[in-house]
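Novice: No letters, just coordinates:
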């Protein structure tokens, strides 16, 4: 990379100069705000560097400093990644328990972000989200658990479908899960012995894998593959909700023990936290991971919180036992429910945004949770929005050719995705920062008083209704058909009690916007 190059992609890499040689040499790299700068250094490869070597760096801008943990990337290579959140000249100095890695110095220039870089997503207005640069963010995501570790051609196919569908968030597992006869592209830990041949089952009688792994030695190639998928999502403007634990593996990674669990979390955070589109989901269906206690889950939250210098969003997802999302390390609630009518009491109890991350799946499999019609999936998204919360899509249509279902990776087959994106774009162009549900409404509605009000009539077939609008505000009105994805503006303006003739069809909506 040439001197002075602006890194508008993902990573800028710089060799470090020895500070203890008395010749600090600032680098000429330019990294955009919320991009990723990478320090790379050569160090020892003998023994077990994943355990034996500590490595990190302190980054400074004026009187401000940020510490970031580094990681061993194999073959004697050590890295620290850093995402600058302020424009200006940053300097760094490394620290290590190994002399050849300590005291390395350098710097870079942080420049203004590119137009498609709005920074990381955080919480805003108590129950909603926005990008760091101030644009409201509405999470309209989907679920592709295996996207981060599945091999060709399914990874690329997933990305293509995500872009075309218009989802802006995807839930993905960091640790691998079973894929039937398909195999992960790699494994996260160093194998002990030979790998199973592709397409074969190498299982014990109890269903556990016969493959063994050294849990004290990570496989950098696995994480590099995962990181490339994170970067692809970032380039597409898609947030990555990274699931750190889950109950679905056959290799024993859900029961590694405290020492291995904690080391894995620190390694994952060191490698991934600098990517601005990363969110942390501590677990999917945490209560089905029988080897862990509530104290373990609390500890995992604290480790992620302490090790992540950027305070990326943090949540945890349940099966039956809802986690106490009022705990301070939870930034928002992630639920496996679709009882949106309980949202007001949950919001009052937790005072945080709520994302119903699993509202069952559009599909046609035999399990009750996996055969929603596309109409019902669309309907649930609309109900979520008028209750002031958010929802996540999933799909499980049967595949007969051995390819994975969408909830793992691959091809999207359903028809609700376009309707979900239609709703997202409707919110984005309305100018709202996030809708709040009306208290005790006659018909479901949510809005920002005096600015935007969205009515959703659910299963009611309403032919005429007198809307109780604010008296001193003039609104323009638009009739919306959520399934047909049509908008029909009504003539004139409306204020106070306004009687409007409606279509008489179910599942219709009306959007009022300040004129």
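Specialist: Received the coordinates, thanks. Only a predicted model underlies this, so the values are computations on that prediction, with no experimental measurement involved. Numbers count the residues shown, from 1 in each chain.

Novice: now the strands: where do they sit in the stretch 251-400 of the chain?
Specialist: Here the stretch 251-400 of the chain has its strands, by DSSP state E, counting those that start in this stretch, at 278-283, 314-315, 333-334, 354-356, 362-363, 390-391, 395-396.

Novice: Correction: the previous question concerned the stretch 1-150 of the chain.
Specialist: Using DSSP E, counting those that start in this stretch, strands in the stretch 1-150 of the chain cover 6-7, 11-15, 17-18, 30-32, 36-42, 55-61, 64-72, 77-82, 88-96, 104-111, 121-124, 128-131, 136-137, 141-143.

Novice: Residue 452 is nearest to which of those?
Specialist: Distance to residue 452, taken as C-beta to C-beta, is lowest for strand 136-137 among the strands of the stretch 1-150 of the chain, at 11.6 Å. Every C-beta, even on glycine, is put in place using the N, C-alpha and C of the backbone.

Novice: Which of the strands of the stretch 1-150 of the chain has the highest mean neighbour count?
Specialist: Compared across the strands of the stretch 1-150 of the chain, strand 141-143 shows the largest average neighbour count, a mean of 25 (mean count of other C-beta atoms under 10 Å).

Novice: ok, back up a step: can you lay out the strands of the stretch 1-150 of the chain as CSV showing distance to residue 480 and mean pLDDT?
Specialist: What follows is the strands of the stretch 1-150 of the chain, written out as CSV (distance: least, C-beta to C-beta, whole Å; pLDDT from 0 to 100):
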stretch, distance to residue 480, mean pLDDT
strand 6-7, 42, 34
strand 11-15, 42, 49
strand 17-18, 60, 46
strand 30-32, 38, 96
strand 36-42, 40, 95
strand 55-61, 47, 98
strand 64-72, 45, 98
strand 77-82, 44, 97
strand 88-96, 46, 96
strand 104-111, 42, 95
strand 121-124, 25, 98
strand 128-131, 21, 98
strand 136-137, 19, 98
strand 141-143, 22, 98
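
Novice: Can you verify my assumption that residue 143 contacts residue 170?
Specialist: Yes. Residue 143 is within contact range of residue 170, at 7.1 Å (criterion: C-beta atoms under 8 Å).

Novice: Identify the contacts common to these two.
Specialist: Common contacts of residue 143 and residue 170 (C-beta atoms under 8 Å, 6 or more residues apart in numbering): none found.

Novice: mind showing which ranges of the stretch 101-250 of the chain have poor pLDDT?
Specialist: Within the stretch 101-250 of the chain, the segments meeting pLDDT under 70 span 196-208.

Novice: switch to 90 and redo it
Specialist: Low-confidence segments of the stretch 101-250 of the chain, defined by pLDDT under 90: 178-183, 193-211, 249-250.

Novice: for the stretch 251-400 of the chain, same thing?
Specialist: Using pLDDT under 90, the stretch 251-400 of the chain drops low at 399-400.

Novice: so where do the helices sit in it?
Specialist: For the stretch 251-400 of the chain, the helices defined by DSSP state H, counting those that start in this stretch occupy 258-272, 294-307, 343-350, 374-386.

Novice: Need those helices in a markdown table (columns: mean neighbour count).
Specialist: Shown next, in a markdown table, are these (neighbours: other C-beta atoms under 10 Å):
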| stretch | mean neighbour count |
| --- | --- |
| helix 258-272 | 19 |
| helix 294-307 | 17 |
| helix 343-350 | 16 |
| helix 374-386 | 21 |
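
Novice: TSV for those helices, including distance to residue 363?
Specialist: TSV is the format used below for these (distance: least, C-beta to C-beta, whole Å):
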stretch	distance to residue 363
helix 258-272	30
helix 294-307	29
helix 343-350	25
helix 374-386	9
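
Novice: thinking again about what came up before, determine which of the strands of the stretch 1-150 of the chain approaches residue 260 most closely.
Specialist: Closest approach to residue 260 among the strands of the stretch 1-150 of the chain (C-beta to C-beta): strand 64-72, 15.7 Å.

Novice: just checking, what packs against the closest one?
Specialist: Strand 64-72 sits against strand 55-61, strand 77-82, helix 258-272, with contacts defined as 3 or more C-beta pairs under 8 Å, 6 or more residues apart in numbering; DSSP states H and E.

Novice: what's the angle between the longest one and strand 77-82?
Specialist: Helix 258-272 runs at 70 degrees relative to strand 77-82, counting by axes from the mean of the first three to the mean of the last three C-alpha atoms, to 10 degrees.

Novice: relative orientation of helix 258-272 and helix 294-307 in degrees?
Specialist: Here helix 258-272 runs at an angle of 30 degrees relative to helix 294-307 (the same axes, to 10 degrees).

Novice: Compute the inter-axis angle for helix 258-272 and strand 55-61.
Specialist: Orientation of helix 258-272 against strand 55-61 (the same axes, to 10 degrees) gives an angle of 40 degrees.

Novice: and helix 258-272, how far out from the chain's middle?
Specialist: Relative to the chain's own centre, helix 258-272 is displaced by 18 Å; criterion: C-alpha atoms, centre = their mean, to the nearest Å.

Novice: Buried deepest among the strands of the stretch 251-400 of the chain, which one?
Specialist: Of the strands of the stretch 251-400 of the chain, strand 333-334 is the most buried (mean count of other C-beta under 10 Å), at a mean of 28.

Novice: Can you list the residue ranges for helices in the stretch 401-515 of the chain?
Specialist: Ranges of helices in the stretch 401-515 of the chain, per DSSP H, counting those that start in this stretch, are 416-430.
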